[in-house]
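>>> starting from these lines, generate the structure:
(4 chains)
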4 protein chains.
Amino acid sequence: MSLIAASLDAFATPRHGHHRRADQGLQLELMSDMLDTRGSWLSEDDLSLARERLPMVYVDALPVRVNALGEITAIGLLLRGRHDGSLSRAVVSGRVLYGELLRHALLRHIEKDLGTMALPRIPSSIVPFTVAEYFPDPEVTGFVDSRQHAVSLCYIVACDGDCVPSQDALDLAWVTPQEALSYTFQAEMTGGQGRLVRLALAHCGYLD
Amino acid sequence: MSLIAASLDAFATPRHGHHRRADQGLQLELMSDMLDTRGSWLSEDDLSLARERLPMVYVDALPVRVNALGEITAIGLLLRGRHDGSLSRAVVSGRVLYGELLRHALLRHIEKDLGTMALPRIPSSIVPFTVAEYFPDPEVTGFVDSRQHAVSLCYIVACDGDCVPSQDALDLAWVTPQEALSYTFQAEMTGGQGRLVRLALAHCGYLD
Amino acid sequence: MSLIAASLDAFATPRHGHHRRADQGLQLELMSDMLDTRGSWLSEDDLSLARERLPMVYVDALPVRVNALGEITAIGLLLRGRHDGSLSRAVVSGRVLYGELLRHALLRHIEKDLGTMALPRIPSSIVPFTVAEYFPDPEVTGFVDSRQHAVSLCYIVACDGDCVPSQDALDLAWVTPQEALSYTFQAEMTGGQGRLVRLALAHCGYLD
Amino acid sequence: MSLIAASLDAFATPRHGHHRRADQGLQLELMSDMLDTRGSWLSEDDLSLARERLPMVYVDALPVRVNALGEITAIGLLLRGRHDGSLSRAVVSGRVLYGELLRHALLRHIEKDLGTMALPRIPSSIVPFTVAEYFPDPEVTGFVDSRQHAVSLCYIVACDGDCVPSQDALDLAWVTPQEALSYTFQAEMTGGQGRLVRLALAHCGYLD
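As a prediction, this is how the structure comes out:
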């Protein structure tokens, strides 16, 4: 196995596309663990190299609470460290792995960030409400990721269950649409995260 | 009060836009009853006259069951008499009343057709997946309503609860996407209903 | 013919659905003139009465200039008198007539407001980017029409030709997205028009 | 420079995000040539290795002719050799490069496949009408790419100019929506291309 094969192998995942219609529970949890384990194989250097040469496929999810009319009553904002060392309110976000369907990636990252009891309602259509193009350079689109060029399909996902911030998130705050649009919260969302929240709310008809 | 005012008054509803953020339960049920009662005031002649001169605003809803990944596992098809006297499999459909928000109309018609325990997940965005333009003449768009020109905003609505066909529906069948796309079921859906189901499934990535 | 039939008849249009694939030029212009003439038959009283009892179907169009990459370089804002007597910057907007397809209504109103040389690129999909629900009461949705409850399907329409404000518009200004989002222009757009422009720009990824 | 860096470098492109608002003409053509040249540096082995470990970002474009009402009158289908050696009718498709905006990729691939006189109307919103997930295994989604896992954002792009098949395409046929949906043409579109065309037409309201 060549060096490049070995390096890139760390990106690979077992083919789980075939399981896409299986009931989830245990199976997905195991898969998620397995993927995370494999992810940790990847050296920081090799990940950085790949990220400098290929756009990455991402999914972003804005967790919301809705009432019986489908109106958004609250938005879940994570507090997490950014790759530039700062803290920011942020939506759920993560990479789509090789062989992984968008739906699986969306569910996996929501469960990773909000816990397995979040009960997200993954949309029946995978058409995103917007596509965020992240670049290291903040001037290009306003969506910033210091590590990479990422093309992220963005979804609004209602969660009915208990959401518990996990892994790298320091906090999860539920705020009203009005609060999310307020200067205070917008100022806490850097790298385009505030804009993404405003685009999501605009898609649902909210706008300050 | 002039004749035209009296005739048209049967279309009117009390202003309930202001209540749009209220919790629903009893209130919406009462409103729904009241609207239905008012609807029955309208003479057939006057309703026909208005329908011949103005496009009506409608909402259509395709009730679906989804799994944890958001994939459609079943589609709910009502069996109901059409206005031309035939029977057809059909989606939930109904008129938007004066002063009524689309969200309210969508919830009201789903509860009317599937019962109050259907627990529909009204979408957080009211942008429809398609717009069906119904005409008496089947040649115009393929969406047929012998009574009127209706512009219908169409939604896919996941229902988590117990769905019971009510009022004018004779039956409710849950079929898989594959069955819904089959010749057998498509042949039972007249007036463009089969096409609407196929458009909805296409929007979610399914297509025979 | 009864009184109500006579009154409502003013809403009616000849069936032109069948001509929907015909080339346009003269035919549509004639139709447009004819419709306008018929519209003027309608007494103000009867129009008001109908508008108080049924939601009207509308189309709104935001005219834009785009570059070869599809990026919006300018937005066309009309200056027109509102029904409450004030002046406001506004998008193209108008009623869908009985028997009229949305595409026809969209083209007709753009040609009416911007002239027949505007060369609009009517979208190939009639799914709107948003649905604006207009009410007399400004508290309901923020989209205000003092005359009626209107459900308006909203589109962004690139125009390649010469746009000349016509009929009831006093002026047509082309402004950049940044200007359209500025306080100055937002303040000149009342009744929700500023919000509609911001929603349209948000849909295209622009947001202040 | 390490082996992996050298290998992956073939994917890289000069940062051209900053030029995104520049007028195009010569500049984009030069860029396109440059990118193609760089692409040819990449050894087949290294490209294959990377493609086995990361999902690739793609854009697909269905070129269409539209009339003044925005209705699709014809669809442009390329005839090209597939990577499994077969011939298939296909839409415009290609990879998004590192640092490249979706709009640029869309324009670049349309110009590459249809020539620089195609005059495509790149959409003002980059929200795709559907997302096609391509896998080597035909069982996963029905969208097949024997080389890789690709996540493709799919657009319908009206072209006003002269379209000339170039590079690897053997032919370009303009067919009506009805023809494109016919068994004859569907049978000539393998690997999910026929399905993609049907999804696009369904989005625009056409369906056999």
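
>>> with adjacent residues omitted, what lies nearest to residue A:171?
Once flanking residues are discounted, residue A:171 sits nearest to residue A:79: 3.9 Å by CB to CB, 6 or more residues apart in numbering or on different chains. Using the backbone N, CA and C atoms, a C-beta is placed for each residue, glycine as well.

>>> tell me who's in contact with that neighbour.
Residue A:79 is in contact with A:87, A:88, A:89, A:90, A:165, A:169, A:170, A:171, A:172, A:173, counting by CB atoms under 8 Å, 6 or more residues apart in numbering or on different chains.

>>> residue boundaries of the strands in chain A?
Taking DSSP state E, the strands of chain A run over residues A:56-66, A:72-81, A:87-90, A:92-95, A:130-134, A:150-158, A:169-175.

>>> mind putting the ones you listed into CSV with mean pLDDT?
Formatted as CSV, the strands of chain A follow (pLDDT from 0 to 100):
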stretch, mean pLDDT
strand A:56-66, 98
strand A:72-81, 94
strand A:87-90, 90
strand A:92-95, 95
strand A:130-134, 97
strand A:150-158, 98
strand A:169-175, 92
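
>>> so which of these comes closest to residue B:129?
The closest of the strands of chain A to residue B:129 is strand A:150-158. By CB to CB, the value is 14.9 Å.

>>> for that closest one, the distance to its chain's centre please.
7 Å (CA atoms, centre = their mean, to the nearest Å).

>>> low pLDDT regions in chain A?
Applying pLDDT under 70 to chain A flags the ranges A:1-50, A:167, A:208.

>>> quick one: name the residues of it near chain B.
Selection of chain A residues close to chain B by CB under 8 Å from any CB of the partner chain yields A:20-21, A:23-24, A:64, A:66-72, A:103-104, A:107, A:121-127, A:129, A:156, A:158, A:203-205.

>>> report the buried members of those residues.
By neighbour count, with 16 or more other CB atoms under 10 Å in any protein chain shown, the residues of chain A next to chain B hold A:24, A:64, A:66-72, A:103-104, A:107, A:121-127, A:129, A:156, A:158, A:203-205 as buried.

>>> among the residues you listed, which are in helices?
Among those, the members found in helices (DSSP state H) are A:103, A:104, A:107, A:203.

>>> mind listing what the last one touches?
Going back to what we said before, that points to residue A:203. A:129, A:130, A:156, B:125, B:127, C:130, C:202, C:203.

>>> for the third one, list each beta-bridge partner.
Right, residue A:156. On the basis of DSSP bridges, residue A:156 takes part in beta bridges with residue A:62.

>>> how much space separates the spatially most central residue of chain A from residue A:124?
Nearest to the mean C-alpha position of chain A, counting by CA atoms, centre = their mean, stands residue A:93 at 1.3 Å. Using CB to CB, to the nearest Å, residue A:93 is found at 22 Å from residue A:124.

>>> still on that earlier bit, and the ones in helices among the buried ones among the residues of chain A next to chain B, which is closest to chain C?
Minimum distance to chain C across these is 7.4 Å, recorded for residue A:203 (CB to the nearest CB).

>>> can I get stretch A:178-195 in CSV? Just the C-alpha atoms.
Provided in CSV are the C-alpha atoms of stretch A:178-195 (Å, rounded to 0.1, in the frame of the first residue of the first chain):
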residue,chain,number,x,y,z
GLN,A,178,-36.3,37.1,17.7
GLU,A,179,-33.4,36.5,20.1
ALA,A,180,-31.4,34.7,17.4
LEU,A,181,-31.8,37.7,15.2
SER,A,182,-30.8,40.1,17.9
TYR,A,183,-27.5,41.9,17.9
THR,A,184,-26.4,40.1,21.0
PHE,A,185,-26.7,36.7,19.6
GLN,A,186,-25.6,37.7,16.1
ALA,A,187,-22.4,39.1,17.6
GLU,A,188,-21.7,35.7,19.3
MET,A,189,-21.9,33.9,16.0
THR,A,190,-18.8,34.4,14.0
GLY,A,191,-17.5,33.0,10.7
GLY,A,192,-20.9,33.3,9.0
GLN,A,193,-22.9,31.3,11.6
GLY,A,194,-25.1,34.3,12.3
ARG,A,195,-25.8,34.7,8.7
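
>>> show me how far that stretch is from its chain's centre.
17 Å.

>>> do it and chain C meet at all?
Yes: applying CB under 8 Å from any CB, one finds stretch A:178-195 touching chain C at residue A:195.

>>> can you list contacts of that stretch?
With CB under 8 Å, 6+ apart as the test, stretch A:178-195 has contacts from A:75, A:77, A:82, A:86, A:88-91, A:132, A:134, A:138, A:141-145, A:175, A:197-198, A:201, A:206-208, C:207.

>>> now the buried members of these.
Looks like those have A:75, A:77, A:82, A:88-91, A:132, A:134, A:141-145, A:175, A:197-198, A:201, A:206-207, C:207 buried, using 16+ other CB under 10 Å.

>>> go back to those and keep what's next to chain D.
Checked against chain D using CB under 8 Å from any CB, these yield the following neighbours: residue A:141.

>>> for the closest residue to residue A:66 other than its chain neighbours, list the residues it contacts.
In space, not counting the residues next to it along the chain, residue A:66 is nearest to residue A:158; the distance is 4.7 Å by CB to CB, 6+ apart. Residue A:158 makes contacts with A:63, A:64, A:65, A:66, A:120, A:121, B:121, B:124, as judged by CB under 8 Å, 6+ apart.

>>> quick one: contacts for the fourth one?
Applying CB under 8 Å, 6+ apart, one finds that residue A:66 lies in contact with A:72, A:73, A:158, B:121, B:122, B:124.

>>> which of those sit farthest apart?
So, the contacts of residue A:66 by CB to CB: farthest apart are A:73 and B:121, at 13.9 Å.

>>> wait, residue A:123 touches residue B:72, no?
No: assessed by CB atoms under 8 Å, residue A:123 is found out of contact with residue B:72, at 10.9 Å.

>>> in CSV, list the contacts of residue A:158 along with distance to residue C:150.
Below are those laid out as CSV (distance: CB to CB, whole Å):
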residue, distance to residue C:150
A:63, 34
A:64, 28
A:65, 30
A:66, 26
A:120, 35
A:121, 31
B:121, 27
B:124, 23
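
>>> which one of these sits closest to residue A:152?
The closest of these to residue A:152 turns out to be residue A:63 (CB to CB; 15.4 Å).

>>> now for that closest one: which residues touch it?
For residue A:63, the contacting residues are A:75, A:76, A:91, A:92, A:110, A:114, A:118, A:120, A:157, A:158, A:159, A:163, by CB under 8 Å, 6+ apart.
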